[in-house]
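**Q** Sequence and predicted model, in that order:
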Amino acid sequence: KNEVEQSPQNLTAQEGEFITINCSYSVGISALHWLQQHPGGGIVSLFMLSSGKKKHGRLIATINIQEKHSSLHITASHPRDSAVYICAVRPYYGGSQGNLIFGKGTKLSVKP
Amino acid sequence: EPEVTQTPSHQVTQMGQEVILRCVPISNHLYFYWYRQILGQKVEFLVSFYNNEISEKSEIFDDQFSVERPDGSNFTLKIRSTKLEDSAMYFCASSELIRNEQFFGPGTRLTVL
(Lines give C-alpha, C1' and ligand atoms only; values in the text may rest on other atoms or scores of the structure.)
Protein backbone atom coordinates (compact mmCIF):
# COMPACT_ATOMS: atom_id res chain seq x y z
CA LYS A 1 0.00 0.00 0.00
CA ASN A 2 1.43 3.36 -1.05
CA GLU A 3 0.93 5.97 1.63
CA VAL A 4 2.08 8.75 -0.70
CA GLU A 5 0.85 8.82 -4.29
CA GLN A 6 2.02 11.28 -6.91
CA SER A 7 0.57 12.09 -10.29
CA PRO A 8 1.47 12.16 -13.02
CA GLN A 9 4.47 9.82 -12.98
CA ASN A 10 5.91 11.50 -16.06
CA LEU A 11 5.19 14.92 -17.48
CA THR A 12 6.47 16.56 -20.63
CA ALA A 13 5.82 20.25 -21.13
CA GLN A 14 6.78 23.02 -23.51
CA GLU A 15 8.80 25.91 -22.19
CA GLY A 16 6.52 28.55 -20.72
CA GLU A 17 3.71 26.19 -19.76
CA PHE A 18 2.10 26.15 -16.33
CA ILE A 19 2.75 22.84 -14.61
CA THR A 20 0.94 21.09 -11.78
CA ILE A 21 2.14 18.02 -9.92
CA ASN A 22 -0.17 16.38 -7.42
CA CYS A 23 0.44 14.47 -4.20
CA SER A 24 -2.13 12.53 -2.18
CA TYR A 25 -1.44 10.80 1.09
CA SER A 26 -3.37 8.48 3.34
CA VAL A 27 -1.93 9.16 6.81
CA GLY A 28 -2.26 12.03 9.24
CA ILE A 29 0.72 14.29 8.85
CA SER A 30 2.54 17.06 10.64
CA ALA A 31 4.24 18.36 7.49
CA LEU A 32 4.66 17.76 3.78
CA HIS A 33 7.84 18.33 1.81
CA TRP A 34 8.39 18.97 -1.86
CA LEU A 35 11.86 17.99 -3.05
CA GLN A 36 13.64 18.30 -6.37
CA GLN A 37 16.02 15.59 -7.54
CA HIS A 38 18.40 16.57 -10.29
CA PRO A 39 19.51 14.16 -13.05
CA GLY A 40 22.81 13.70 -11.20
CA GLY A 41 20.89 12.43 -8.18
CA GLY A 42 21.20 15.29 -5.68
CA ILE A 43 18.10 16.27 -3.68
CA VAL A 44 17.13 19.85 -2.93
CA SER A 45 14.38 20.81 -0.52
CA LEU A 46 11.88 23.15 -2.18
CA PHE A 47 9.15 23.55 0.42
CA MET A 48 8.01 22.28 3.76
CA LEU A 49 4.40 23.09 4.55
CA SER A 50 1.72 22.09 7.00
CA SER A 51 -1.10 24.36 5.85
CA GLY A 52 -2.08 26.85 3.18
CA LYS A 53 0.29 27.92 0.48
CA LYS A 54 3.93 28.87 -0.02
CA LYS A 55 5.60 30.62 -2.93
CA HIS A 56 9.22 30.82 -3.93
CA GLY A 57 10.00 32.42 -7.26
CA ARG A 58 8.09 30.54 -9.95
CA LEU A 59 7.20 27.69 -7.60
CA ILE A 60 4.00 27.52 -5.59
CA ALA A 61 3.03 24.75 -3.20
CA THR A 62 -0.42 24.29 -1.69
CA ILE A 63 -1.81 21.82 0.77
CA ASN A 64 -5.33 20.83 1.81
CA ILE A 65 -5.04 18.95 5.09
CA GLN A 66 -8.70 17.89 5.15
CA GLU A 67 -8.46 16.37 1.69
CA LYS A 68 -4.94 14.99 2.29
CA HIS A 69 -3.71 16.55 -0.93
CA SER A 70 -0.94 18.87 -2.03
CA SER A 71 0.00 20.41 -5.35
CA LEU A 72 3.23 21.85 -6.67
CA HIS A 73 2.85 24.43 -9.42
CA ILE A 74 5.56 25.78 -11.69
CA THR A 75 4.74 28.94 -13.60
CA ALA A 76 6.49 29.86 -16.85
CA SER A 77 8.34 26.53 -16.95
CA HIS A 78 11.89 26.41 -18.26
CA PRO A 79 14.10 23.54 -19.45
CA ARG A 80 16.20 23.95 -16.31
CA ASP A 81 13.11 22.89 -14.30
CA SER A 82 13.54 19.40 -15.76
CA ALA A 83 14.00 17.10 -12.79
CA VAL A 84 12.18 14.59 -10.63
CA TYR A 85 9.86 16.22 -8.10
CA ILE A 86 9.27 14.22 -4.95
CA CYS A 87 6.55 14.59 -2.36
CA ALA A 88 7.38 13.36 1.15
CA VAL A 89 5.21 13.43 4.27
CA ARG A 90 6.03 13.37 7.93
CA PRO A 91 3.32 11.20 9.53
CA TYR A 92 1.84 12.09 12.87
CA TYR A 93 1.04 9.10 15.07
CA GLY A 94 -0.90 9.81 18.22
CA GLY A 95 1.24 12.66 19.46
CA SER A 96 4.59 11.69 18.01
CA GLN A 97 6.10 12.40 14.64
CA GLY A 98 7.30 9.65 12.33
CA ASN A 99 10.02 9.79 9.75
CA LEU A 100 9.59 10.92 6.17
CA ILE A 101 7.63 8.73 3.77
CA PHE A 102 8.41 9.44 0.14
CA GLY A 103 6.40 9.29 -3.03
CA LYS A 104 7.83 7.73 -6.16
CA GLY A 105 8.38 11.10 -7.77
CA THR A 106 7.18 12.86 -10.91
CA LYS A 107 9.68 13.11 -13.74
CA LEU A 108 9.29 16.47 -15.45
CA SER A 109 10.83 17.26 -18.81
CA VAL A 110 10.47 20.78 -20.18
CA LYS A 111 11.24 21.12 -23.89
CA PRO A 112 12.55 24.41 -25.33
CA GLU B 1 25.01 29.17 2.38
CA PRO B 2 25.69 26.19 4.65
CA GLU B 3 25.21 22.78 3.08
CA VAL B 4 25.42 19.10 3.87
CA THR B 5 28.42 17.41 2.28
CA GLN B 6 29.04 13.72 1.63
CA THR B 7 32.11 11.71 0.70
CA PRO B 8 32.87 9.86 -1.42
CA SER B 9 30.55 10.71 -4.29
CA HIS B 10 30.92 7.19 -5.67
CA GLN B 11 32.15 4.05 -3.91
CA VAL B 12 32.72 0.73 -5.61
CA THR B 13 33.26 -2.29 -3.40
CA GLN B 14 33.30 -6.04 -3.49
CA MET B 15 30.51 -8.05 -1.88
CA GLY B 16 31.33 -8.82 1.73
CA GLN B 17 33.54 -5.78 2.23
CA GLU B 18 32.90 -3.09 4.80
CA VAL B 19 32.17 0.44 3.64
CA ILE B 20 31.92 3.70 5.52
CA LEU B 21 29.98 6.58 4.03
CA ARG B 22 30.72 9.97 5.44
CA CYS B 23 28.59 13.06 5.92
CA VAL B 24 29.19 16.49 7.37
CA PRO B 25 25.82 17.92 8.47
CA ILE B 26 25.11 21.63 8.75
CA SER B 27 26.90 22.82 11.85
CA ASN B 28 24.04 24.02 14.05
CA HIS B 29 21.74 21.12 13.18
CA LEU B 30 20.88 18.57 15.85
CA TYR B 31 19.11 15.82 13.89
CA PHE B 32 20.82 13.67 11.30
CA TYR B 33 19.39 11.15 8.89
CA TRP B 34 20.42 8.52 6.37
CA TYR B 35 18.22 7.60 3.41
CA ARG B 36 18.65 5.10 0.61
CA GLN B 37 17.43 5.14 -2.98
CA ILE B 38 17.83 2.01 -5.04
CA LEU B 39 18.05 2.83 -8.75
CA GLY B 40 14.61 3.51 -10.18
CA GLN B 41 12.89 3.31 -6.80
CA LYS B 42 11.71 5.80 -4.22
CA VAL B 43 13.78 7.21 -1.42
CA GLU B 44 13.56 5.18 1.81
CA PHE B 45 14.30 6.20 5.37
CA LEU B 46 17.08 4.27 7.09
CA VAL B 47 17.84 5.91 10.41
CA SER B 48 17.66 9.13 12.39
CA PHE B 49 20.18 10.21 15.00
CA TYR B 50 19.95 12.73 17.81
CA ASN B 51 22.01 13.46 20.88
CA ASN B 52 24.57 10.80 19.97
CA GLU B 53 22.12 7.97 19.66
CA ILE B 54 19.72 6.44 17.18
CA SER B 55 16.25 7.90 17.62
CA GLU B 56 14.45 5.88 14.93
CA LYS B 57 15.40 3.19 12.46
CA SER B 58 13.57 1.37 9.70
CA GLU B 59 13.32 -2.34 9.00
CA ILE B 60 16.03 -1.91 6.38
CA PHE B 61 18.52 -0.80 9.05
CA ASP B 62 19.51 -4.24 10.28
CA ASP B 63 22.59 -5.39 12.18
CA GLN B 64 24.78 -4.89 9.11
CA PHE B 65 24.30 -1.13 9.43
CA SER B 66 25.61 1.21 12.07
CA VAL B 67 25.89 4.97 12.45
CA GLU B 68 28.31 7.05 14.41
CA ARG B 69 29.21 10.63 15.10
CA PRO B 70 32.92 10.14 15.72
CA ASP B 71 33.66 13.83 16.26
CA GLY B 72 31.84 17.14 16.33
CA SER B 73 31.34 17.35 12.60
CA ASN B 74 31.20 13.96 10.87
CA PHE B 75 28.27 11.55 10.75
CA THR B 76 29.00 8.14 9.28
CA LEU B 77 27.06 5.16 7.99
CA LYS B 78 28.87 1.83 8.08
CA ILE B 79 27.77 -1.25 6.24
CA ARG B 80 29.65 -4.14 7.76
CA SER B 81 29.44 -6.78 5.03
CA THR B 82 28.01 -5.40 1.82
CA LYS B 83 25.55 -7.33 -0.31
CA LEU B 84 24.67 -6.81 -3.95
CA GLU B 85 21.31 -5.38 -2.90
CA ASP B 86 23.03 -2.64 -0.91
CA SER B 87 23.88 -0.97 -4.22
CA ALA B 88 22.04 2.34 -4.08
CA MET B 89 22.37 6.06 -3.64
CA TYR B 90 22.77 6.96 0.02
CA PHE B 91 21.70 10.41 1.16
CA CYS B 92 22.54 12.11 4.40
CA ALA B 93 20.31 14.89 5.69
CA SER B 94 20.19 17.16 8.71
CA SER B 95 17.70 19.46 10.40
CA GLU B 96 17.78 21.90 13.31
CA LEU B 97 14.91 20.18 15.06
CA ILE B 98 12.90 17.11 14.14
CA ARG B 99 9.97 19.20 12.93
CA ASN B 100 12.13 21.49 10.78
CA GLU B 101 13.03 21.31 7.12
CA GLN B 102 15.65 18.72 6.24
CA PHE B 103 18.63 19.59 4.09
CA PHE B 104 20.04 16.82 1.95
CA GLY B 105 23.58 16.08 0.91
CA PRO B 106 24.49 15.30 -2.71
CA GLY B 107 24.52 11.56 -2.07
CA THR B 108 27.03 8.72 -2.31
CA ARG B 109 26.47 6.19 -5.05
CA LEU B 110 27.45 2.77 -3.69
CA THR B 111 28.06 0.00 -6.17
CA VAL B 112 28.57 -3.51 -4.79
CA LEU B 113 30.11 -5.99 -7.21
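**A** Yes, it's here.

**Q** Next, count neighbours for residue B:59.
**A** 7 (other Cβ atoms under 10 Å in any protein chain shown). Yep, even glycine has a C-beta here, placed from its N, CA and C like the rest.

**Q** what about it, is that helix, strand or coil?
**A** Classification of residue B:59 by DSSP: H, G, I helix; E, B strand; the rest coil places it in coil.

**Q** Which pLDDT does the model give residue 109?
**A** Because you didn't say which chain, this covers chain A. pLDDT recorded at residue A:109 is 97.

**Q** ah, I was thinking of chain B
**A** 96.

**Q** these two touch, right, it and residue B:89?
**A** Yes: here residue B:109 reaches residue B:89: they are 5.3 Å apart, a contact under Cβ atoms under 8 Å.

**Q** so what's in contact with the two at the same time?
**A** residue A:41 (Cβ atoms under 8 Å, 6 or more residues apart in numbering or on different chains).

**Q** Neighbour count for these two, which is higher?
**A** For residue B:109 and residue B:89, the more surrounded residue by other Cβ under 10 Å is residue B:89, and the numbers stand at 21 against 18.

**Q** how would you label the more buried one: helix, strand or coil?
**A** strand.

**Q** List the residues that contact it.
**A** A:41, B:36-39, B:107-110.

**Q** Out of the residues you listed, which end up buried?
**A** If you count burial by 16 or more other Cβ atoms under 10 Å in any protein chain shown, the buried members of the contacts of residue B:89 come out as A:41, B:36-37, B:107-110.

**Q** List, one by one, the residues from chain B near chain A.
**A** Proximity of chain B to chain A, by Cβ under 8 Å from any Cβ of the partner chain, involves residues B:33, B:35, B:37, B:41-45, B:48, B:56, B:58, B:89, B:91, B:98-107, B:109.

**Q** are any of these buried, and which?
**A** Buried, going by 16+ other Cβ under 10 Å: B:33, B:35, B:37, B:42-45, B:48, B:56, B:58, B:89, B:91, B:98, B:102-107, B:109, out of these.

**Q** So which of those belong to strands?
**A** Members of those lying in strands (criterion: DSSP state E): B:33, B:35, B:37, B:44-45, B:48, B:56, B:89, B:91, B:103-104, B:109.

**Q** Show me the two of those that sit farthest apart.
**A** Taking Cβ to Cβ as the measure, those span a maximum distance of 24.7 Å, between B:56 and B:109.
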